[in-house]
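Participant: show me the folded form of this:
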Amino acid sequence: MSTINKKAIIGLDAGTAGSGGGADDATGGRPTATVIVCTFNRVQWLSKCLRSLEEQVPRPDEIMVVDGPSTDGTREMLELLEKQGSITLVRQPRLDGISAARNLGLSQAKGDIVCYIDDDAIAQPGWLASLLPLYRDPRVGGAGGPVYDIEGRPAMGRNAVAPDGQWFDESKGESIEGLSQVMVGCNMSFRRTALSGVGGFDPYFKFHQDETDACLAVLGAGYSILYDEGALVWHAWCEGSYRRDKVKWYLRLRYLWGRNNSYLVRKHFGKQVRFADYFGSRFMGFFTRRAPRADAVKKEAASDTEKMPPFFVAVGALSEVYGLLKGWKDGGSVRRT
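Facilitator: Residues are numbered from 1 along each chain as shown. Coordinates of the predicted model:
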């Protein structure tokens, strides 16, 4: 486990970034890296994220921010940093989901490796230095690391997904043997040619499971995905503006759980999993509360479920079933296996 310097991470003190991973701190043979941050109206957290990237050793060859389009002072801050030469600013004309933003960054990135970190996440010193050496093997297509919450509690470790869409986390004592190793969206990197070669992120995923889909596509192209404990980020999981309407957010998210997971399973595991078996496992999940993906968003929603009137919980379940049916149908047209 890496050593954690919380004061340096959260920006309360300008700590000195450590090397943390053994990458050459000059250029000597290491791949170049573009770090892409997609943002919208999070000026305070974004500034902390960018500071943590500036303090990486080695510093990223390119720090790119895809802004789409912020109105809280984020754009003005980014334009100033752009004039100073600190970042590359990509102006997204309209909000169109996380996959579109990530693909826009990918299309303009110059680095051999593209690293994605969320705008409300902060890179631990040594984060980039831990990732880059993993790409010395040309068969490696992706690499990621653990995620802690902002209070320093482990949130996610080495993750893998089963053919029925269930996520398993080795840091929680769950076995991932024989499963497809994937990465968490707030802390992932790819060989740029590998990610571009599979078409980048599927725009079907406006939110949720886009990173899982990309990982499975890269694995399907014959690459491996690695994990390093030193490549640690802290994630605040900030609420977006959509969370202001709790009921609308809850119903929308339940729909997306069903739709996106079902689409993902049929797209990548369609010949291994029958719809009846998949639907049965999801139906049982309504009662066991076993998340198809064990992340903080699901935990937050579970907390919100407890606060929801029974009527809205029932409507949410129906919304998830409808999404499940829709995703399975849509996934049939793009099935890979």
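
Participant: show me where the stretch 1-150 of the chain has its strands.
Facilitator: 33-39, 62-67, 88-91, 113-117, 121-123, 140-144, 147-149 (DSSP state E, counting those that start in this stretch).

Participant: ok, which of these comes nearest K248?
Facilitator: strand 33-39 (22.5 Å; CB to CB). In this view, the C-beta of every residue, glycine as well, is placed from N, C-alpha and C.

Participant: partner strands of that closest one, with direction?
Facilitator: strand 62-67 (parallel), strand 113-117 (parallel) (DSSP bridges).

Participant: for the longest one, what is the average pLDDT?
Facilitator: Spelled out, that is strand 62-67. Strand 62-67 comes out with an average pLDDT of 97.

Participant: got a list of contacts for stretch 129-144?
Facilitator: Counting contacts by CB atoms under 8 Å, 6 or more residues apart in numbering, the residues outside stretch 129-144 that touch it are 2, 19-23, 25, 30-31, 33, 56-58, 112-113, 115, 145, 183-184, 187-191, 194-195, 215, 218-219, 221-231.

Participant: in that stretch, which residues are buried?
Facilitator: Neighbour-count burial for stretch 129-144, with 16 or more other CB atoms under 10 Å as criterion, is recorded at 129-135, 140-144.

Participant: distance between the ends of it?
Facilitator: End-to-end distance for stretch 129-144: 12 Å, by CA to CA, to the nearest Å.

Participant: quick one on the thing from earlier: make CSV from the buried residues of stretch 129-144 and add pLDDT to it.
Facilitator: Listed next are these as CSV, based on pLDDT from 0 to 100:
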residue, pLDDT
A129, 97
S130, 98
L131, 98
L132, 98
P133, 97
L134, 97
Y135, 98
V140, 98
G141, 98
G142, 98
A143, 98
G144, 97
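
Participant: and those residues, which two are the farthest apart?
Facilitator: A129 and G141, at 19.7 Å, using CB to CB across those.

Participant: G144 - nearest residue in space that isn't next to it in sequence?
Facilitator: M183 (3.5 Å; CB to CB, 6 or more residues apart in numbering).

Participant: wait, that neighbour sits on V218?
Facilitator: No. Judged on CB atoms under 8 Å, M183 makes no contact with V218 at a distance of 9.7 Å.

Participant: if you count what's nearby, which of those two comes out ahead?
Facilitator: M183 (27 against 23; other CB atoms under 10 Å).

Participant: re earlier: can you lay out the strands paired with strand 33-39 as a markdown table showing mean neighbour count and distance to M77?
Facilitator: Listed next are the strands paired with strand 33-39 as a markdown table, based on neighbours: other CB atoms under 10 Å; distance: least, CB to CB, whole Å:
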| stretch | mean neighbour count | distance to M77 |
| --- | --- | --- |
| strand 62-67 | 23 | 10 |
| strand 113-117 | 27 | 17 |
